[in-house]
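# With the input below, show me the fold.
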Amino acid sequence: MASLIDDDEGEFLTGRLLVAMPGIEDPRFERTVLYLCGHDEEQAMGLAVNRPVEGLTVHALLERLGIASDIQAPRDLVLLGGPIERERGFVLHTDDFHSPDSTLPVAEGVGLTATRDVLDAMASPMRRPRKAMLALGYAGWGPGQLEQELRDNVWLICDADEGLLFGEDHEQKWTRALAKLGISADHLSATAGRA
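Sure, this is the predicted structure:
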């Protein structure tokens with residue numbers, strides 16, 4: 001089942017998924033699945049993996065940025081990673097792409113790059129990562145903020161897998177993440193954990 005942070009053990013959740021509980025008070029995160037790219041005692045940073053920007057594809061964005069792309073450039077949708085710095089792009093990708101100066105290894109097999117070189121690679125059939133998702137903006141928390149939200153049952157914690165991170169069926173990711181935890185969305189209360 002879902003686990004919560006044990007502050008005594010100092011468990012950090014980098015590389016795990018946060019699954020929004022029904023009734024989350026911030027509508028920007030309703031039915032959201034967030035991948036935590038970084039989490040320590042000072043902060044946490046994550047990207048929503050199931051919030052597509054309506055009508056905006058990676059191919060179209062690369063063209064807007066003037067990146068010469070082969071006809072095989074991905075037609076995947078661009079995602080809204082979160083409400084902070086929405087004009088800034090982040091690419092979550094498999095570790096077959098690595099920029100020595102800018103790729104942050106997140107978890108085994110997954111990296112995060114926020115520089116133009118990953119966009120150039122995505123436009124090239126020879127250099128493109130096997131799996132990638134491009135997100136605009138991110139979600140962030142200050143010291144202790146995410147831990148408090150977990151204690152308040154705002155989020156469930158789920159292990160990540162390639163289907164949840166990079167799959168194209170964004171509408172079903174929230175339900176699939178809950179199912180991975182053994183939970184049916186129909187059985188969750190919008191007031192869970194609120195006394």
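# show me where pLDDT drops low in this protein?
Across the chain, the stretches falling below the confidence threshold (pLDDT under 70) are 1-10, 68-74, 189-195.
# for it, what spans make up the strands?
Counting by DSSP state E, the chain has these strands, from start to end: 16-20, 33-39, 44-48, 52-57, 77-80, 84-94, 104-107, 110-113, 132-141, 155-159.
# Including distance to M122, could those strands go into CSV?
Where C-beta positions appear, they are placed from N, C-alpha and C, glycine not excepted. CSV is the format used below for the strands of the chain (distance: least, Cβ to Cβ, whole Å):
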stretch, distance to M122
strand 16-20, 23
strand 33-39, 18
strand 44-48, 16
strand 52-57, 11
strand 77-80, 11
strand 84-94, 7
strand 104-107, 17
strand 110-113, 10
strand 132-141, 6
strand 155-159, 26
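# highest average neighbour count across those?
Here the criterion is mean neighbour count by mean count of other Cβ atoms under 10 Å, and of these the winner is strand 44-48, at a mean of 26.
# Give the partner strands of that one in its sheet and their orientations.
Looking at strand 44-48 with DSSP bridges, its paired strands and their directions are strand 33-39 (antiparallel), strand 132-141 (antiparallel).
# among the strands of the chain, which is nearest H187?
Within these, the stretch nearest H187 is strand 155-159; the backing value is 12.9 Å (Cβ to Cβ).
# and that closest one, what other elements does it pack with?
Judged by 3 or more Cβ pairs under 8 Å, 6 or more residues apart in numbering; DSSP states H and E, the packing partners of strand 155-159 are strand 16-20, helix 145-151, helix 173-180.
# Neighbouring strands of it in the sheet, and parallel or not?
When pairs are called by DSSP bridges, strand 155-159 turns out to pair with strand 16-20 (antiparallel).
# Hmm, M122 and L61 touching each other?
No - L61 is beyond contact range of M122, at 9.7 Å (criterion: Cβ atoms under 8 Å).
# Could you check which of the two is surrounded by more residues?
Neighbour totals were compared for L61 and M122, and M122 leads with 26 against 20 (other Cβ atoms under 10 Å).
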